[in-house]
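Novice: Quick one, structure for this:
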Amino acid sequence: MDDSVKITFLGASGTVTGSKFFIETSEKNILVDCGMFQGLKELRLQNWDDLPIDVSAVDVILLTHGHFDHVGYLPRLLKQGFQGKIIGTAPTLSIAEIVLLDSAKIHEEDAEKANKENYTKHYPALPFYNKQDVERIIRKFQVDMPNKWIFLSDNISYRFQCNGHILGSTFIEIDISGKRFVFSGDVGRIHDYLLESPKKPEWADFLFIESTYGDKLHPKTDVEIELAEIINDTIHNQGNLIIPSFAVERLQTLIFILWKLYQQNKIPNIPIFVDSPMGTNVLKVFKQYTNWHKLSDAEYDAMCHHVNIIQSYKETWETIDDNRSKIIIAGSGMVTGGRVLTYLQQLIDQRSTTILLVGFQAEGTRGRLLKESAHEIRFYGKYYPVKAKVKSIESLSAHADQYELLDWMNNIMNVPEKVYLIHGEPNALDAFRLKIKNTYGWNATIPKLFDVEHIKL
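Specialist: A predicted model of the protein is given here:
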């Protein structure tokens, strides 16, 4: 048997998005995650290229979790010859199905709109993938339980271990001929409103660790006090609070916190509108997998009844025309698309409007531009002046910060042969590399996109 392993870094290398790592062995070929690039145009253009590997040779795809930048590319593999299995935890695959169907719908609508309004350089504009592509790929989904070693072949096994972040999220341990490869996925927070603290790996010969906040510590400010102040200020100004939100986990956490603030009389009974079909569907996944989160049935029902779930685009416009002060939670979290653009189109030029960013904003996204005080934002082919106040609460992030990432690593009993820093922007990656060296004495490397690593076992 050939005892070498070849790793190809197909995404989340030198950047945050597009997570994909291809492991080639003499027994099985494994792809860990299969995400889409977001943000910078040069990265997004990469999505249209076929992967620089033999996709038909991929035996299995292991998914850490259901976020778009970890699953969004899956339907594109069909035309490239993929015939294998796609394995994840039950909530991960349920969320992935929702995310992919929603994505296909948006791709189809965007292509139709671009053709109708003639703001495309490509005629006709084509959807990146459609609903039929998604339905074909989800037939390949297979559920595995966490905390259980599964053999892929004589010398290869894997295990999912819960790591917080979002419902169903895991890190993945893969044993290949006695060596352990650990892929962190996205590591969650030590104290989370909805999820248990992440489990930790105890051994890693080769560690692939995310570095989203490798250079930052989340603020110690009280999220509830901060949010209550922003809401009460919005009411005082007779304005609207627009919260662009990730549909998975962040939206559900926001609903819980807003309900809790009202219960504690910290905010009045301000109307709250949730306009995210995908987020609403994920809310149902919480009801389905009660053993994966900390909410009781009573808390879940009460928080859902406290908000207005928007069911149609007609209701979106009715909400915009509603002249009361209100809170609008809408996708997408980085303002890259989704229903939130409709609200911003109408309300971003009003000084009484507040836009609240509640998660990581990747380089090249509209959310990042807003966070960096852009005076105008372009969408639907036009520029809109930003007169609204823009605020940010970083402590609501579902990603571990530098301290929490280091804490997540502290149960590893051996010195890893190699540590690879992935899923981070250049400054975060380099700062985290130095911090790991200073804390543990481990040398870490920062792979670039499409780098290939040959490992002799």
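Novice: make it CA atoms for all contacts and neighbour counts henceforth
Specialist: OK.
Novice: and residue 370, that one's in a strand?
Specialist: No. Assigned with DSSP: H, G, I helix; E, B strand; the rest coil, residue 370 falls outside any strand and is helix.
Novice: Tell me how the protein divides into domains.
Specialist: Following automatic domain parsing, one gets these domains for the chain: 4-216+398-456, 223-396.
Novice: Return the distance of the shortest one from the chain's centre.
Specialist: Mean C-alpha position of domain 223-396 versus that of the full chain (C-alpha atoms, centre = their mean, to the nearest Å) differs by 17 Å.
Novice: Could you give the average pLDDT over it?
Specialist: For domain 223-396, mean pLDDT is 95.
Novice: Compute the first-to-last residue distance for that domain.
Specialist: 7 Å (C-alpha to C-alpha, to the nearest Å).
Novice: Check the first one too.
Specialist: One end of domain 4-216+398-456 sits 5 Å from the other (C-alpha to C-alpha).
Novice: do stretch 356-365 as well
Specialist: End to end - C-alpha to C-alpha - stretch 356-365 spans 15 Å.
Novice: Tell me the buried residues in it?
Specialist: 356-365 (16 or more other C-alpha atoms under 10 Å).
Novice: Do I have it right that residue 273 meets residue 306?
Specialist: No. Residue 273 lies out of contact with residue 306 (C-alpha atoms under 8 Å); the separation is 9.7 Å.
Novice: between these two, who's got more neighbours?
Specialist: When residue 273 is set against residue 306 and neighbours are counted by other C-alpha atoms under 10 Å, the residue ahead is residue 273, at 21 against 17.
Novice: and residue 165, what does it touch?
Specialist: 186-189, 195, 198, 249, 398-399 (C-alpha atoms under 8 Å, 6 or more residues apart in numbering).
Novice: So what's the gap between the helix or strand that residue 455 is a member of and the chain middle?
Specialist: Residue 455 belongs to strand 452-456 when assigned by DSSP states H and E. Distance of strand 452-456 from the chain centroid (C-alpha atoms, centre = their mean) equals 28 Å.
Novice: Stretch 106-125 too?
Specialist: 26 Å.
Novice: so how far does that stretch reach from one end to the other?
Specialist: Taking C-alpha to C-alpha, stretch 106-125 runs 13 Å from one end to the other.
Novice: Give the buried residues for that stretch.
Specialist: For stretch 106-125, the neighbour count (16+ other C-alpha under 10 Å) marks 106-108, 110-112, 114-115, 125 as buried.
Novice: And the next helix or strand past the helix of greatest length in the chain?
Specialist: Looking across the chain with DSSP state H, the single longest helix is helix 90-117. Where DSSP H and E defines the elements, the next helix or strand beyond helix 90-117 is helix 131-138.
Novice: Do I have it right that residue 75 meets residue 137?
Specialist: Yes. Counting by C-alpha under 8 Å, residue 75 touches residue 137, with 5.8 Å between them.
Novice: which one of the two has more residues nearby?
Specialist: The neighbour count for residue 75 versus residue 137, taken as other C-alpha under 10 Å, is higher for residue 75 (24 against 20).
Novice: Can you report phi and psi for that one?
Specialist: Backbone torsions of residue 75, given as degrees, to the nearest 10, read phi -60, psi -20.
Novice: is the closest residue to residue 310 other than its chain neighbours in a bridge, and if so with what?
Specialist: Nearest residue to residue 310 in three dimensions, chain neighbours excluded: residue 275, at 5.1 Å (C-alpha to C-alpha, 6 or more residues apart in numbering). Taking DSSP bridges as the rule, residue 275 bridges to residue 330.
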